[in-house]
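[1] turn this into a structure:
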Amino acid sequence: MSDSSPALHPKRLRWAIAPALLILVAGGVLVLMGREPICKCGYVKLWHGTVFSAENSQHISDWYTLSHIIHGFLFFGALWLVAWRLPISVRLAVATAIEAGWEIFENTDFIINRYRAMTISLDYYGDSVLNSVSDILAMILGFYLASRLPVWLIIVLALAMEIIAALLIRDNLALNIIMLLWPLEAIKAWQAG
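    Model (predicted):
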């Protein structure tokens, strides 16, 4: 899926800044929705690795950052398949808009309550704005990696991230999707350990 783009010229400049503007808009919307800018704990950490904690999804990165990198892989692949004629900068803007939209939707009462009711995330009260913005940046990193690395390596990386997360925290992107769309008691019981 390697993709290269010619040097940025003025006609494409607006697409180069689109991801940054989308991140700012998403952050602004999240603030207007009442999301905490940073963790209520009052400090910012680069990594927070404790899933069952009030600080999960509140700092720059956590175990779920892996899922957002995989989003970037998936968005790059899907857009390469359906919109391969569009410049990569336009495809990145589309992917960023999708991810920003998800971050906003994920922080609505509907999704927060669904996570709390259907998964083991009983202490989940939504992401901080910092974490949501970082999740969008993680997707952009995944998109960039998918544009530069061979397909086989992207597949290996995605599988490795999913397996590592499943083994270490009993959750990953695939399980998260299943538990949101069609919750299974067997998975919930396994995740509860």
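[2] any regions of this structure where pLDDT drops low?
    Along the chain, segments meeting pLDDT under 70 span 1-12, 14-15, 120-122.
[3] how about the helices in it?
    Counting by DSSP state H, the chain has helices at residues 10-32, 65-82, 88-106, 109-118, 129-148, 151-169, 173-181, 185-192.
[4] the ones you listed: which one's closest to T50?
    helix 151-169 (9.4 Å; C-beta to C-beta). Where you see a C-beta, it was placed from the backbone N, CA and C, and this is true even at glycine.
[5] show me what that closest one is packed against.
    Packing partners of helix 151-169 (3 or more C-beta pairs under 8 Å, 6 or more residues apart in numbering; DSSP states H and E): helix 65-82, helix 129-148, helix 173-181.
[6] out of those, flag the one nearest E103.
    Nearest of the helices and strands packed on helix 151-169 (C-beta to C-beta): helix 129-148, 4.2 Å.
[7] circling back: and the helices and strands packed on helix 151-169, which is most packed in?
    helix 129-148 (a mean of 22; mean count of other C-beta atoms under 10 Å).
[8] how far off centre is that helix?
    A distance of 7 Å separates the centroid of the chain from that of helix 129-148, by C-alpha atoms, centre = their mean, to the nearest Å.
[9] would you mind measuring from V44 to V129?
    11 Å (C-beta to C-beta, to the nearest Å).
[10] shared neighbours of these two, anything?
    I38 (C-beta atoms under 8 Å, 6 or more residues apart in numbering).
[11] surely R91 meets L81?
    No. With contacts defined as C-beta atoms under 8 Å, R91 does not count as touching L81, sitting 10.7 Å away.
[12] quick one on the thing from earlier: export the helices and strands packed on helix 151-169 to JSON lines and tack on distance to L22?
    As requested, the helices and strands packed on helix 151-169 are exported to JSON lines (distance: least, C-beta to C-beta, whole Å):
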{"stretch": "helix 65-82", "distance to L22": "13"}
{"stretch": "helix 129-148", "distance to L22": "8"}
{"stretch": "helix 173-181", "distance to L22": "21"}
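[13] just so I know, which of these lies nearest E99?
    Among the helices and strands packed on helix 151-169, helix 129-148 sits nearest to E99 (C-beta to C-beta), with 4.3 Å.
[14] export the closest one to PDB, keeping only CA atoms.
    The C-alpha coordinates for helix 129-148 follow below in PDB (Å, rounded to 0.1, in the frame of the first residue of the first chain):
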ATOM      1  CA  VAL A 129      -9.800  16.400  25.600                       C
ATOM      2  CA  LEU A 130      -6.000  15.800  25.700                       C
ATOM      3  CA  ASN A 131      -6.600  12.000  25.300                       C
ATOM      4  CA  SER A 132      -9.000  12.500  22.400                       C
ATOM      5  CA  VAL A 133      -6.600  14.800  20.600                       C
ATOM      6  CA  SER A 134      -3.800  12.300  21.200                       C
ATOM      7  CA  ASP A 135      -6.000   9.500  19.900                       C
ATOM      8  CA  ILE A 136      -6.500  11.500  16.700                       C
ATOM      9  CA  LEU A 137      -2.800  12.000  16.400                       C
ATOM     10  CA  ALA A 138      -2.200   8.300  17.000                       C
ATOM     11  CA  MET A 139      -4.600   7.600  14.000                       C
ATOM     12  CA  ILE A 140      -2.600  10.000  11.900                       C
ATOM     13  CA  LEU A 141       0.600   8.100  12.900                       C
ATOM     14  CA  GLY A 142      -1.000   4.800  11.800                       C
ATOM     15  CA  PHE A 143      -2.200   6.400   8.600                       C
ATOM     16  CA  TYR A 144       1.400   7.700   7.900                       C
ATOM     17  CA  LEU A 145       3.000   4.300   8.700                       C
ATOM     18  CA  ALA A 146       0.500   2.500   6.400                       C
ATOM     19  CA  SER A 147       1.400   5.000   3.600                       C
ATOM     20  CA  ARG A 148       5.100   4.200   4.000                       C
END
